[in-house]
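[1] I would like to see how this sequence folds:
(one chain, ligands or ions: 2)
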Amino acid sequence: MTSDSSSDSVDDPLFNSGHRIFSNKDLLKIGHVPEADRIVGRDEEISKLAKRLNGAVHGYSPENVMIYGKTGAGKSLVSRHVCQRAQNAADSSVDIGIAYIDCAEDNTETQAISSLAAKLNDESKTDITVPHTGLSTSKYYKLLWKTLDAQFDSVIIILDEIDLMNDDSVLMKLSRAEEAGKIDCSIGVIAISNRIQYVDNLNERVKSSFQHKELFFKPYDANQLREIMLNREDAFQDGILSEDVIPLSAAFAAQEHGDARKAINILRHAGEVAYEEEAEMVREEHVRQAQQHAEKDRFRELVNGAPTQAKAALLALTELSVNASDDAFLTSRVYDQYERICGHLDIDTLSVRRFRDILKEQAFLGVVEIEKINKGSAGGIHLQNRLIEDPQVVRETILEDARMQDWSGK
Ligand SMILES: Nc1ncnc2c1ncn2[C@@H]1O[C@H](COP(=O)(O)OP(=O)(O)OP(=O)(O)O)[C@@H](O)[C@H]1O
Ligand SMILES: [Mg+2]
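    Numbers count the residues shown, from 1 in each chain. Ligands and ions are numbered 1, 2, ... in the order given. Here you go, the predicted model:
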């Protein structure tokens with residue numbers, strides 16, 4: 001179905017009432033890549049990224065880039081947008097390939113490489129067939145090198161949510177392929193993560209071969225969020241949004257950090273709630289309902305995607321929060337509980353220092369709030385940790401993970 005087909009569909013009263021609210025709902029899909037003039041406040045990031053990839057457009061090596069930023073900061077969007085433009089702008093003598101891998105889905109080395117080979121291979125040009133499954137990792141690499149050399153001068157590979165990939169050697173092998181003489185085609189990798197410590201934790205060998213520049217995406221402010229939504233207002237029928245809907249959605253999304261994903265989700269969901277209620281217009285009350293829903297969803301996603309150690313740390317904080325009247329706890333106390341959990345689940349117990357880093361990262365992601373408490377000259381500075389979302393919701397989400405379930409009987 002094309003994106004605007006909804007406007008010329010058959011007028012059956014049984015099915016058409018959704019169109020009273022939306023005229024082109026696809027504009028509010030998260031994976032949708034809007035045209036350049038709908039992208040707000042990212043000119044600098046777009047031009048910096050373009051500079052790094054410029055080589056690919058003119059037939060020499062692009063640079064590798066690591067993009068960081070909180071969720072909903074436009075990292076995936078900007079990467080896809082710039083790659084599309086690079087492909088369009090390529091010199092006529094340069095064949096440039098683009099591939100997007102979502103590492104949340106393709107989270108093993110074999111899956112990622114087979115997916116890359118399949119996406120980049122145009123069978124009609126190469127006569128190469130890439131089977132979906134069944135080959136060894138090294139065979140998939142060979143197919144990938146073959147299909148690249150058969151078609152391209154350079155390729156840009158987006159590895160989105162790279163922190164969810166369970167093996168970082170993909171980065172090393174992709175970055176070394178040309179240098180090691182495996183291919184003539186040059187490869188540029190855009191790796192995207194919302195975990196700021198991702199590179200620090202990479203294996204040393206990977207770190208030294210994945211030479212890259214870093215780009216950091218700042219959160220949006222409420223004005224930018226408003227503009228992002230105004231630029232997609234035509235997803236709705238004319239006049240169906242009451243005046244306060246967009247400003248209120250922007251305010252909600254700006255509250256914790258400026259998250260455009262949340263802004264757009266709230267807006268879409270508000271429309272859906274209004275539709276369910278058969279309301280004449282989308283109003284403030286629909287936005288409020290949508291906000292509560294979006295908050296729980298966002299949180300579930302964050303906690304679900306967290307590594308085991310982070311889940312154990314969060315579970316420790318959760319247990320304390322559920323069982324005490326307080327909601328903020330000193331790091332040492334959370335650590336004691338964490339040690340008990342790790343012992344029970346038979347997983348490694350990290351040092352206090354690493355444990356503190358995990359909590360810091362969870363604070364960066366907006367799961368935990370950390371407050372400094374100054375206990376005077378003798379007592380020094382202590383940190384207190386608090387869960388931002390309802391501890392029961394966090395607990396339920398963590399215990400969905402099979403590795404953590406042994407704790408539920410406690
Ligand atoms: N500057 C922008 N202008 C217009 N729309 C934007 C902008 N930034 C983000 N969006 C929209 O907000 C949503 C979330 O953006 P995106 O998926 O790029 O975020 P992200 O940084 O990749 O987040 P995550 O880390 O959660 O994957 C998308 O629908 C995207 O189109
Ligand atoms: Mg993304």
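
[2] contacting residues around residue 147?
    By C-beta atoms under 8 Å, 6 or more residues apart in numbering, the residues touching residue 147 are 117, 120, 121, 126, 128, 130. In this view, the C-beta of every residue, glycine as well, is placed from N, C-alpha and C.

[3] from those residues, which single one is nearest ligand 1?
    residue 120 (22.0 Å; C-beta to the nearest ligand atom).

[4] show me what contacts residue 338?
    Applying C-beta under 8 Å, 6+ apart, the residues contacting residue 338 are 312, 313, 315, 316, 349, 355.

[5] residues near the last one, how many?
    Taking other C-beta atoms under 10 Å as the criterion, the count of residues near residue 355 is 22.

[6] give me the residues contacting the one helix or strand it maps to.
    Using DSSP states H and E, residue 355 falls within helix 352-365. Residues from elsewhere that reach helix 352-365 (C-beta under 8 Å, 6+ apart): 70-71, 194-197, 302, 306, 309-310, 313-314, 317, 331-332, 334-335, 338, 350, 368-370, 383, 385.

[7] how about that helix, which residues are buried there?
    355, 356, 357, 358, 359, 360, 361, 362, 363, 364, 365 (16 or more other C-beta atoms under 10 Å).

[8] give me every residue in this structure lying close to ligand 1.
    30, 34, 38-42, 69, 71-77, 194, 228, 260-261, 264 (C-beta under 6 Å from any ligand atom).

[9] just the ones of those in helices?
    Counting by DSSP state H, the part of these found in helices is 75, 76, 77, 228, 260, 261, 264.

[10] quick one on the thing from earlier: any quick ChimeraX command for the buried ones out of the contacts of residue 147?
    Buried residues among the contacts of residue 147 (16+ other C-beta under 10 Å), as a ChimeraX selection:
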select :117,120,121,126,130
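
[11] need the strands for the chain, in chain order.
    Per DSSP state E, the chain carries strands over the ranges 64-69, 96-102, 154-160, 186-193, 212-217, 328-330, 368-374, 381-387.

[12] possible to save the ones you listed as TSV with mean neighbour count and mean pLDDT?
    Putting the strands of the chain into TSV (neighbours: other C-beta atoms under 10 Å; pLDDT from 0 to 100) gives the following:
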stretch	mean neighbour count	mean pLDDT
strand 64-69	22	95
strand 96-102	21	96
strand 154-160	25	96
strand 186-193	24	96
strand 212-217	16	94
strand 328-330	17	94
strand 368-374	13	90
strand 381-387	17	92
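
[13] could you report the neighbour count for residue 344?
    By other C-beta under 10 Å, neighbour count at residue 344 equals 13.

[14] wouldn't it be in contact with residue 406 here?
    Yes: with contact defined as C-beta atoms under 8 Å, residue 344 counts as touching residue 406 (6.7 Å).

[15] list the residues that contact residue 137.
    Residue 137 neighbours (C-beta under 8 Å, 6+ apart): 109, 110, 113.

[16] now the first one. Nearest residue, chain neighbours left out?
    What sits nearest to residue 109 in space, not counting adjacent residues and going by C-beta to C-beta, 6 or more residues apart in numbering, is residue 167, at 4.4 Å.

[17] distance check, the one you found against residue 113.
    For residue 167, the distance to residue 113 (C-beta to C-beta, to the nearest Å) stands at 10 Å.

[18] higher neighbour count, these two?
    residue 113 (24 against 15).

[19] not counting its neighbours along the chain, what's nearest that one?
    In space, residue 113 is closest to residue 140, 4.4 Å off (C-beta to C-beta, 6+ apart).

[20] residues in contact with residue 330?
    With the criterion set at C-beta under 8 Å, 6+ apart, residue 330 makes contact with 382, 383, 384, 385.

[21] wait, residue 221
    254, 258.

[22] phi, psi of it?
    Backbone torsions for residue 221, taken as degrees, to the nearest 10, come to phi -90, psi 170.

[23] before we move on, back to that, the residue nearest to residue 109 and residue 159, how far apart?
    The value you get for residue 167 to residue 159, if C-beta to C-beta is used, is 12 Å.

[24] try residue 394
    28 Å.

[25] equivalent analysis for residue 201, please.
    16 Å.

[26] just residue 361 next, same as before
    20 Å.

[27] same question, residue 228
    Taken as C-beta to C-beta, the span from residue 228 to residue 159 is 25 Å.

[28] one more: residue 205?
    Taken as C-beta to C-beta, the span from residue 205 to residue 159 is 18 Å.

[29] can you list the low-confidence ranges for the chain?
    1-18, 256, 377, 409-410 (pLDDT under 70).

[30] need the longest helix for it.
    The chain, longest helix under DSSP H: helix 284-304.

[31] from the chain's centroid, how far away is stretch 220-234?
    20 Å (C-alpha atoms, centre = their mean, to the nearest Å).

[32] in it, what counts as buried?
    Using 16+ other C-beta under 10 Å as the test for burial, stretch 220-234 gives 220, 222, 224, 225, 226, 228, 229, 231, 232.

[33] from these, pick the one nearest residue 281.
    For those, the residue nearest residue 281 by C-beta to C-beta is residue 229; the value is 16.2 Å.

[34] chain neighbours aside, what residue packs nearest to the closest one?
    Spatially, and ignoring its direct neighbours in sequence, residue 229 is nearest to residue 246 (4.8 Å; C-beta to C-beta, 6+ apart).
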